[in-house]
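In: Dropping the sequence and predicted coords here.
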Number of protein chains: 2
Amino acid sequence: MSSLLEQLIEAFRILPGVGQKTAQRMAYHVLEREREGGRRLATALADAVERVGHCARCRDFSETEVCATCASAARDAHQLCVVESPADRLAIEQATGFRGLYYVLQGRLSPLDGIGPREIGLDRLAERLGEGEVQELIIATNPTVEGEATAQYLAQLARQHGTRPSRLAHGVPLGGELEYVDRGTLSHAFGSRSEMM
Amino acid sequence: MSSLLEQLIEAFRILPGVGQKTAQRMAYHVLEREREGGRRLATALADAVERVGHCARCRDFSETEVCATCASAARDAHQLCVVESPADRLAIEQATGFRGLYYVLQGRLSPLDGIGPREIGLDRLAERLGEGEVQELIIATNPTVEGEATAQYLAQLARQHGTRPSRLAHGVPLGGELEYVDRGTLSHAFGSRSEMM
Ligand SMILES: [Zn+2]
Ligand SMILES: [Zn+2]
């Protein structure tokens, strides 16, 4: 087997859920039938990895200083939805009719791993709440142990700034990852979020 | 959503079995956790698409004029295994202990689509048989209607050159694609191939 081909198969294995067999199939498929598409994918990958950074305001992926959502006058700045990752933000944006803004933690509190409030940007979130515009902080961290602990911390932070904290309704399966929840469940859970006491 | 990110998601969809949801997951995974791997994949893809061509002798993928298998003195030139695609060749190479050589058709006879003997390199295969070195032509085309028709044509071609044609044993499921057959079945079928009458 060609060594460039071996390298390509190996490289495909960085993708989630892609083992040796699938990586082989991808490499052969591209070389047999999709060389032009393969060229486009190579360019898109190189460009995205190089030029997609994070929005200065919400920390979601963005190739501009401030992302389109944060810059939009059509979004309601009174509601701020906090998620752990860009993928969770995308899941909520696609599943619900939410028209507020987001804040992406890029992680969750995990003291044992040395991940404290500052590491997930909670200092900047506190400043944001201090601006006084946010009335409801919708906490959409994952329903895992660490996600719940992060949610409790966020709720406390919200209350300190006179902001109402709310949490997605049960319906999101325990121990699951938001990103993999079907749209219907996620939409329902989002709609029936309850205020945090 | 960033437009470079949208382009990346779209580009991932050229891969086999990758729909919108999986493409999103791949793009987010790379940007969140695998930027270095993404860079490697971009380079590997661009290099492979540009520089992997076909072996002048067997038509398998190769980045050199003649592939390593064809160039190897350790392979038995008396046995030539004919397959439809590089992926089928790889499946046989990985599943069986075959030590002969291969010939990759890059297709199958399909008169209605204008694919005749010349389009799948049977003129060059005839020359190869004319050299007199091949004693057994192992026909491993897929067990589909067109694959079977191609097998019959190949068997006739072999006989014309005094070469013994053989066909993989039943065990490969009818209508299936070799590439997706599990190794055990494929190895068994390869081992019990029968001479074609
Ligand atoms: Zn933003
Ligand atoms: Zn070769």
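Out: In hand now; what should we look at? Ligands and ions are numbered 1, 2, ... in the order given.

In: ok, residue A:74 - contacts?
Out: residue A:99 (Cβ atoms under 8 Å, 6 or more residues apart in numbering or on different chains). In this view, the C-beta of every residue, glycine as well, is placed from N, C-alpha and C.

In: so it, which of the three states?
Out: Recorded secondary structure, residue A:74: coil (DSSP: H, G, I helix; E, B strand; the rest coil).

In: Could you pull out the helices in chain A for me?
Out: Remark: helices assigned in chain A by DSSP state H are A:3-12, A:20-33, A:35-51, A:68-71, A:86-95, A:122-130, A:145-160, A:183-191.

In: With mean pLDDT and distance to ligand 1 added, can I get these in TSV?
Out: Shown next, in TSV, are the helices of chain A (pLDDT from 0 to 100; distance: least, Cβ to the ion, whole Å):
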stretch	mean pLDDT	distance to ligand 1
helix A:3-12	95	31
helix A:20-33	94	33
helix A:35-51	97	16
helix A:68-71	96	3
helix A:86-95	89	9
helix A:122-130	95	11
helix A:145-160	93	18
helix A:183-191	75	19
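
In: Out of those, which is the most enclosed?
Out: Greatest average neighbour count among these goes to helix A:86-95 (a mean of 22), per mean count of other Cβ atoms under 10 Å in any protein chain shown.

In: For it, name the packing helices and strands.
Out: strand A:76-83, strand A:100-104, helix A:183-191, helix B:20-33 (3 or more Cβ pairs under 8 Å, 6 or more residues apart in numbering or on different chains; DSSP states H and E).

In: for the record, mean pLDDT for the second one?
Out: Taken as a whole, strand A:100-104 has a mean pLDDT of 96.

In: now the angle from that strand to helix A:145-160?
Out: Here the directions of strand A:100-104 and helix A:145-160 differ by 130 degrees (axes from the mean of the first three to the mean of the last three Cα atoms, to 10 degrees).

In: Hmm, residue A:120 and residue A:153 touching each other?
Out: No. Using Cβ atoms under 8 Å, residue A:153 is not in contact with residue A:120, being 9.6 Å away.

In: Name the residues contacting each of these two.
Out: With Cβ under 8 Å, 6+ apart as the test, residue A:153 and residue A:120 both reach residue A:109.

In: Using CSV, lay out the helices and strands packed on helix A:86-95 together with distance to ligand 2.
Out: Formatted as CSV, the helices and strands packed on helix A:86-95 follow (distance: least, Cβ to the ion, whole Å):
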stretch, distance to ligand 2
strand A:76-83, 52
strand A:100-104, 50
helix A:183-191, 49
helix B:20-33, 32
